[in-house]
Structure formats: C-alpha cells, structure tokens
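Undergrad: From the sequence below, what's the structure:
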Amino acid sequence: MEKSRSSNLLTIKFGGTSMGGHDAIRQVARIVIDHFEQGHRVLTVVSAMSGVTDLLKQTARASGDGDEAAHVATIGEIRRRHQETIEQLVSDAIIKRDALADIDGLLDGLIQMCHSIAILRDVTPRGMDLIMSFGERLSARLLAAHLKDAGYQSMAIDATELIVTDDNFQDAAPYMEETTTKVRTHLIPLLEQRKLPIVTGYIGSTRKGIVTTLGRGASDFSAAILGAAIDTDELYIYTDVDGIMTTDPRIVPTARVIPTLSYGEVGELAYFGAKVLHPKTVQPMIDRGSTVRVRNTFNPAHMGTLIQPQSEITEGAVKAVTVIKDVSLCSVEGRGMVGVPGMAGRTFLAVARAQASMYLISQSSSEQSMCFVIPTGRVEATLGSIRQELVKEIERRDIDRVWARDDVVIVTTVGAGMRGMPGVAARVCGALANAGVNILVIAQGSSEYSISLVVEAQDSNRAVQALHNLIAEVREVR
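TA: Numbering: from 1, shown residues only. All right, here's what the predicted structure looks like:
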C-alpha cells in the first residue's frame, strides 16, 4: 500500500475510561476528528464503556444461577446507560432513532440468550464470550452515531467480521493471515473513501463464525492485530494517563512519563505488572516495524510514550520499576536432587498440570534446591501436583521439602542493555541493601531488559522507592 506523509494510516484505540460517558466520548470524537482533519486515514478501535464489562459478567453469572430477575435488571441498567448517552451525544432525530433501535435490538437479543442460559443453569466459555462481546458492540455504536451526528461518514463494525481466531474461548488467538485478508477486504476501501470505521476491540470469531474474546483487557491487542493487518503507520493507544510511567505514582509521587521505550522493554514492563498495555499488544507490530504511542485522552497535547523497534540505552540502564503482588515463592529442596537428570523438568511439568504460570525461576548451582514464583491462587494445586509427581523421591528423602511462602512480591527493574552494562546489578542490589530490604531471590533474563528480585511483601513500597531513586539519580546526572 502506498503511503505519504500527508495521509498517514493511523490506528487509534480508546479504553474503557475514555468511553466512560457522554463527555468522555465527545473528547474521543474530537481526537478522531482532529487526526482525520489533518488528512490522515483513521481506523478507530474501542473498548466497552467503563463498568459495562463487569455488569455483563454479573449478567452471565445471574443467568447461570437461573436468576432471571437479576439478569433482566442488570441488562436494564446497561440499556439505561447507553440510551442516556445517545440522548446526550446525538441531536439529529433520525440518527438518534436508528442508534436507539440498534441498541435495543442488541440488548433484546442478549435478554433472550440469558433466558436460555437461565433454563439450562450453565454458562459455557462459549456462552460467556458471546455475552461479554456486547459491551464493545454497544460502545462502537455510540461513537459512530456521535460522529455521524457531527457530519462524518462513520459506521460501527463488529470485529467478529474481521478477526479470525481459534476456538480457545475467553483467551482466543488470532489467525493473522486470514484476519489480514478479511481486514483488507472490508476496511481498506472504507479508509480510502475517507470514512471513519469504528471497530469493536476485544472480540473476534472462529472460522465457523462463533464469537470469541481475546482475553480480559485485550482491546489493545485487537487494535494491534487490526493495525498490523492494514499495515498502519502508527498505533495510538489512548488511555487515562499521559504515558507509561517510570513506576506507579501512588508509590512514588515523583514518577514521570518515559518518553521512549523499545518493543522489548515494554514487553517486560507489561509482563512484570505495568497496567498501561496488554502484554500481547506489541506482538503484531514487531514484524512490520510500526511504532506504538501511548497517550492520554484527556490531555491530548501530551505526546505520551513512543514504543519503537530499536532500544535506546540510557545512562545507568534502568528506565522503570514494576511490582507484582499476590504471588508466592515455591521451593523444592533436597540433597538427593544433586545430579539427578530430569528433576527440574518433572517439577515444571507438574506446575503446568496445576495450570500455574511461573513468573521467574531460580536454581542453586549445587542443584540442591530450586524455586519459582507463581500466582498465590494456584499454590495449593501446584504443591499437590509436585508432591504427586515426586512422591517416590519424597518417600526416599531425596526431596526434603516442597513448600511455599505467600508474603512476597516481585520487584523488577527494566531497561535496555542491563545485561551488558557493568555494575547495574550491583547498583540494584546496593540500593535495596541501603534501604534495608532483604533479597530472597534474584533472576536476570537473557533478554537484557530486566532484573527481577523477590522481596518480602512488607518491603514492597520501600524496594520500589529505593530502585526508582536510581532512575532519579541518572536524570540528575544527565
């Protein structure tokens, strides 16, 4: 596709807070129109209105319990919110009538579906995905109606017509080749005709047309999939903060926006607890070399954080500090483990059978112990699975203990070049020592982008503050 500076192809995604109500949606429309009037072709992707996804989840649970009165009442609240928003956003009588009819049609269909579920008293993952899809389908229609009312050719498009996925309901993965074909067939002509398509985030459909979702918070991922498919020049993620911060400002009030990050760095930040981006967001963009920019819907003059393919190594290497809570440190210990082939592999297979994700792994060089961090909610199942797998070794006393402690967090420093820059690990450990924080486990990945440390939960804020001071020190030097 031929591109020009005067007519860039932009993909813009707005989150739930940005779609929170009529005033917020007006602001979203102003941003879309501003980009459009600058001569750009604009594809817009939206999340559900804030709070609606939770209401839909309540609806599904009530239906599964057979509580028809509860699910009817909840859908009534969803209907009221969207009808009131349309009344505020649209003045043209015909556009308003059509939008209200569209919303009523969708929600009437949802009530019928929930009635069927209530009779069966069972919500399958497939049924849950269909119910959860309604939030984005409704919000896309709100924005499209408002833009039409403002005189622009805009239309709401369900991503079920565009994004083809597998049938792993509630966490579906896209088939990019088939998706790209559909997206280019349906969206490119609209963009070339200077129209403003508003596409639902979060959802897709199988090859058989069954609705799927890409996982909670995956509207960012949807936007990246669609942006990659149209070969977008840039993907803008609009949220309610000015960009990706050096750390959580609730812990460190002096935290600031990071101007530039690489794909690798933002992937580490997302994995280790940063809440701004869905962890999968940058994946579809990497092969195409397109940039991603995180910006604030309510402060559009701020340029936010630019995410690009190449890394920029800063003095001191550390750019951000993250923390993951609600995790537990599991350990497998025993003198009989030394030199026994396959012990680690069997342990990790047992963890996988317990459906626990491991955030980090560490093993002593003597092979007498190994430890790993998993979500606290999976501890009991994980320990049981390991003990079952290693029952003979435990009986022979080759394994002394399989245990866990819950009062821990993972604190991670992120920045390009951390592996190759001498002294970074020493500065990180020294900062924690000076703050009186004991390190239980330390792990550094081969990616060069992060050093993770397990510390006691009571030391969490103190650890983050101490490590963030390393960033502040570098800023003063520069």
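Undergrad: part of a strand, is residue 293?
TA: Yes - per DSSP: H, G, I helix; E, B strand; the rest coil, residue 293 lies within a strand segment.
Undergrad: what's the average pLDDT for the top helix by length along the chain?
TA: If you go by DSSP state H, the chain has its longest helix at helix 93-120. For helix 93-120, the mean pLDDT works out to 97.
Undergrad: Just the buried residues of it, please?
TA: Buried positions in helix 93-120, judged by neighbour count with 16 or more other CB atoms under 10 Å: 95-96, 99-100, 102-103, 106-107, 110-111, 113-114, 117-118. Heads up, the C-betas are built off the backbone N, CA and C, glycines and all.
Undergrad: Now distance to residue 74 too, for the residues you listed, in a markdown table please.
TA: Converted to a markdown table, the buried residues of helix 93-120 look like this (distance: CB to CB, whole Å):
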| residue | distance to residue 74 |
| --- | --- |
| 95 | 27 |
| 96 | 25 |
| 99 | 21 |
| 100 | 19 |
| 102 | 20 |
| 103 | 15 |
| 106 | 15 |
| 107 | 11 |
| 110 | 10 |
| 111 | 10 |
| 113 | 13 |
| 114 | 9 |
| 117 | 13 |
| 118 | 12 |
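Undergrad: List just the nearest of those to residue 397.
TA: Closest to residue 397 out of the buried residues of helix 93-120 is residue 117 (52.1 Å), distances taken as CB to CB.
Undergrad: pretty sure the closest one contacts residue 128?
TA: No - in this structure, residue 117 is not within contact of residue 128 by CB atoms under 8 Å, at 9.5 Å.
Undergrad: what touches both of these two?
TA: The contact sets of residue 117 and residue 128 overlap at residue 60 (CB atoms under 8 Å, 6 or more residues apart in numbering).
Undergrad: Domain-wise, how is this structure divided?
TA: Per automatic domain parsing, the structural domains of the chain span 9-240, 320-477.
Undergrad: Point out the most buried one among these.
TA: Of the domains of the chain, the one with the most neighbours on average (mean count of other CB atoms under 10 Å) is domain 9-240, at a mean of 20.
Undergrad: Give me the phi and psi angles of the closest residue to residue 282 other than its chain neighbours.
TA: Leaving aside its chain neighbours, residue 282 sits nearest to residue 263 (4.8 Å; criterion: CB to CB, 6 or more residues apart in numbering). Taking degrees, to the nearest 10, you get phi -50, psi -50 for the backbone angles of residue 263.
Undergrad: So what's the residue count around residue 263?
TA: Residue 263: 20 surrounding residues under other CB atoms under 10 Å.
Undergrad: got the contact list for it?
TA: Residues near residue 263 by CB under 8 Å, 6+ apart: 282, 285, 286, 307, 308, 309.
Undergrad: By mean pLDDT, show me the worst of the domains of the chain.
TA: Mean pLDDT, when computed for each of the domains of the chain, is lowest for domain 320-477, at a mean of 89.
Undergrad: Please compute how far that one lies from its chain's middle.
TA: Distance of domain 320-477 from its chain centroid, counting by CA atoms, centre = their mean, to the nearest Å, is 23 Å.
Undergrad: residue boundaries of the helices in the stretch 151-300 of the chain?
TA: 176-186, 188-192, 219-229, 263-271, 283-286 (DSSP state H, counting those that start in this stretch).
Undergrad: mind putting those helices in JSON lines, distance to residue 294 included?
TA: What follows is these, written out as JSON lines (distance: least, CB to CB, whole Å):
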{"stretch": "helix 176-186", "distance to residue 294": "23"}
{"stretch": "helix 188-192", "distance to residue 294": "23"}
{"stretch": "helix 219-229", "distance to residue 294": "9"}
{"stretch": "helix 263-271", "distance to residue 294": "9"}
{"stretch": "helix 283-286", "distance to residue 294": "13"}
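Undergrad: ok, the residue of the chain positioned farthest from its centre - contacts?
TA: No residue in the chain sits farther from the centre than residue 396, which is 44.8 Å out by CA atoms, centre = their mean. Contacts for residue 396 were tallied using CB under 8 Å, 6+ apart; they are residue 336.
Undergrad: which non-adjacent residue is nearest residue 441?
TA: In space, residue 441 is closest to residue 454, 4.0 Å off (CB to CB, 6+ apart).
Undergrad: Identify the neighbouring strands of the helix or strand where the one you found lies in the sheet and state each direction.
TA: Taking DSSP states H and E as the criterion, residue 454 maps to strand 450-456. Here strand 450-456 is paired, per DSSP bridges, with strand 401-414 (antiparallel), strand 439-444 (antiparallel).
Undergrad: Dump those strands to JSON lines, plus distance to residue 73.
TA: JSON lines is the format used below for the strands paired with strand 450-456 (distance: least, CB to CB, whole Å):
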{"stretch": "strand 401-414", "distance to residue 73": "38"}
{"stretch": "strand 439-444", "distance to residue 73": "48"}
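Undergrad: Which phi and psi values does the closest residue to residue 384 other than its chain neighbours adopt?
TA: Distances taken as CB to CB, 6+ apart put residue 354 closest to residue 384, at 7.4 Å, once the chain neighbours are dropped. Here is the backbone geometry of residue 354 (degrees, to the nearest 10): phi -80, psi 0.
Undergrad: Tell me who's in contact with residue 354.
TA: Residue 354 neighbours (CB under 8 Å, 6+ apart): 378, 381, 382, 384, 385, 386.
Undergrad: how near is the fifth one to residue 351?
TA: When CB to CB, to the nearest Å is the yardstick, residue 385 and residue 351 sit 7 Å from each other.
Undergrad: again with residue 335
TA: Residue 335 sits 22 Å away from residue 351, going by CB to CB.
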